[in-house]
Each structure stands twice: as structure tokens, then as C-alpha cells.
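Engineer: my questions concern the predicted model and sequence given below.
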Amino acid sequence: MNLFGDPLAPRYLIWLLQGFGVTLALSATVCMAGTALGLALCCLREAGGRLGGAVTAAGIGLVRNTPLLVQLFVWYFGVAALMPGGLTAWLNTPHSLPLGPVELRWPAYETLAGFLGLTLYAAAYIAEECRAGLNGVRPAQRAAARALGLTESQIFRHVALPQALRIAWLPVVGQYLNTLKNTSLTMTIGLAELSYAARQVETETFQAFQAFGIATLLYVGAVAAVEAIGHAVARRAPAGAPRR
């Protein structure tokens, strides 16, 4: 007797792998966009003056203190309800742009909503990690830079920010891991990522253990790979660079 039941048919394994590909692609794009936006928010909060810092802090606080699932619903249902009907229909219609041997496809609306929701959520946390890194730079470093005649903007760009990024790197990697896992929430708005695919396989085959077991292994493998890469990058930091 097979303790774990019959194995999944190849077509269902392909479903899971396709969903895993969507998860990886979405995670990668969100991490890149979230990092760029998080750095911009951090710089704006630190060097944007009193008004810019206050507005940025309020926006970050709103995102960080709202459940991600609610934010995804706002982007998918709320924003769609505010858009003109013609635009909503256009966004939900497949579009493509042939460029020789390559065909660029416009993503479905649930993909756009998931991307925006996850990116803003990740950026809010990455901005705070980078800000914590800035606070971890020793005041003596700034004082020495001033003694050399550097302006405040030059101190920020060439002294404080590079050290802050090294300090914040591993916490930022932790946010990358959270992003990878948070992509599973996009199944609630119809995005066909790994959790969605596992649910579809379980619904059709009633093989819940096999479907979600394979999905779990894929998640664990992806998380382990990202964490290993993050630590490898941290170990290659210049000697004497501060780490967390």
C-alpha cells in the first residue's frame, strides 16, 4: 500500500511548475521594483525636508499597518471600480506586441494589481530597513567626512548610504523572502501562481497531500536558494564593513 497515495499525473506537475514560474517571476520583479522604491522613500524621508519626511513617513506607516490582503483587494476591486468601464475592459483583454521573434504580452489585470500591491508593501519595509541602516552608521564617520570638506549631500551619497546598505542587506534579504511567500496571497485575486495552481490540482484530483506537498517543497527550495545567495553576497562585503 502506498502510504502517501498515488503520484500526480504529469499534466498536474506541469500545472504546478507553471505556477511556480509565475511565483518566481512575480517575486523577482517585485523585489527589484520594491528595492528601488524603498531606497527612494528612504532618501526622501531622510533628505526631503520636514514636509517630505512627514508625508513619506505617513505613507509608509499606512502601508505597514494595513494587512497585505486588504491592500490587494483595494488594488484589484477598489481601483477597478473607480476606473472607467472602457479602461477596465481593456485591461482585462489580452494584448500583445510582436517584436520579431519575440512577442510582448500585456499582463492581466490581476497580475498588475498583485504587482502593485506587493511592490508597495515590500518597499515600505525595505525603506525602514534602509533607514535603520542609516541610523547604524557611526556619527564619527559623518564627522570625519565633514572635516574633509564634504557637503551633507555628498556625505549621504558617498559615506552614509553605502555603509547603510551593507548594514541593512540581510534584513532586506529577509524582506525578499517575505515577498516570495506573500505572493501566495495573490491567489485570492485570481493570479495563477503556485498556491493557486496547487489548489486547482487538489480540486480536480482530490490529491491534497501531493499537490500541496509538492508546492511546499518548491517554496522551501526557492526560499533556501534566496537565503543562500543573500548570505553569500553578505560574506563578500568589504573587510571591516559593518554587518547585522
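Structural biologist: Looks like it arrived, so ask away. Numbering: from 1, shown residues only.
Engineer: mind showing which ranges of this structure have poor pLDDT?
Structural biologist: Within the chain, the ranges that satisfy pLDDT under 70 run 1-5, 237-244.
Engineer: do a quick rundown of the helices in this protein.
Structural biologist: Taking DSSP state H, the helices of the chain run over residues 10-47, 49-64, 68-73, 79-82, 85-91, 109-135, 139-147, 152-155, 161-182, 194-205, 208-235.
Engineer: reformat those helices as JSON lines; add mean neighbour count and distance to residue 100.
Structural biologist: Backbone N, C-alpha and C define where each C-beta goes, glycine included. As requested, these are exported to JSON lines (neighbours: other CB atoms under 10 Å; distance: least, CB to CB, whole Å):
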{"stretch": "helix 10-47", "mean neighbour count": "18", "distance to residue 100": "22"}
{"stretch": "helix 49-64", "mean neighbour count": "14", "distance to residue 100": "40"}
{"stretch": "helix 68-73", "mean neighbour count": "17", "distance to residue 100": "36"}
{"stretch": "helix 79-82", "mean neighbour count": "12", "distance to residue 100": "34"}
{"stretch": "helix 85-91", "mean neighbour count": "12", "distance to residue 100": "25"}
{"stretch": "helix 109-135", "mean neighbour count": "22", "distance to residue 100": "24"}
{"stretch": "helix 139-147", "mean neighbour count": "12", "distance to residue 100": "50"}
{"stretch": "helix 152-155", "mean neighbour count": "14", "distance to residue 100": "44"}
{"stretch": "helix 161-182", "mean neighbour count": "19", "distance to residue 100": "33"}
{"stretch": "helix 194-205", "mean neighbour count": "20", "distance to residue 100": "31"}
{"stretch": "helix 208-235", "mean neighbour count": "15", "distance to residue 100": "32"}
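Engineer: wait, which of those is closest to residue 188?
Structural biologist: helix 68-73 (6.5 Å; CB to CB).
Engineer: before we move on, back to that, would you turn the helices of the chain into CSV with distance to residue 97?
Structural biologist: Formatted as CSV, those follow (distance: least, CB to CB, whole Å):
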stretch, distance to residue 97
helix 10-47, 18
helix 49-64, 32
helix 68-73, 27
helix 79-82, 23
helix 85-91, 14
helix 109-135, 16
helix 139-147, 48
helix 152-155, 41
helix 161-182, 28
helix 194-205, 26
helix 208-235, 30
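Engineer: distance check, residue 60 against residue 16.
Structural biologist: Distance of residue 60 to residue 16, computed by CB to CB, to the nearest Å: 36 Å.
Engineer: for residue 101, which of the helices of the chain is the nearest?
Structural biologist: Taking these one by one with CB to CB, helix 10-47 is closest: 20.0 Å.
Engineer: which helices and strands does the closest one pack with?
Structural biologist: If you count contacts as 3 or more CB pairs under 8 Å, 6 or more residues apart in numbering; DSSP states H and E, helix 10-47 packs onto helix 49-64, helix 109-135, helix 161-182, helix 194-205, helix 208-235.
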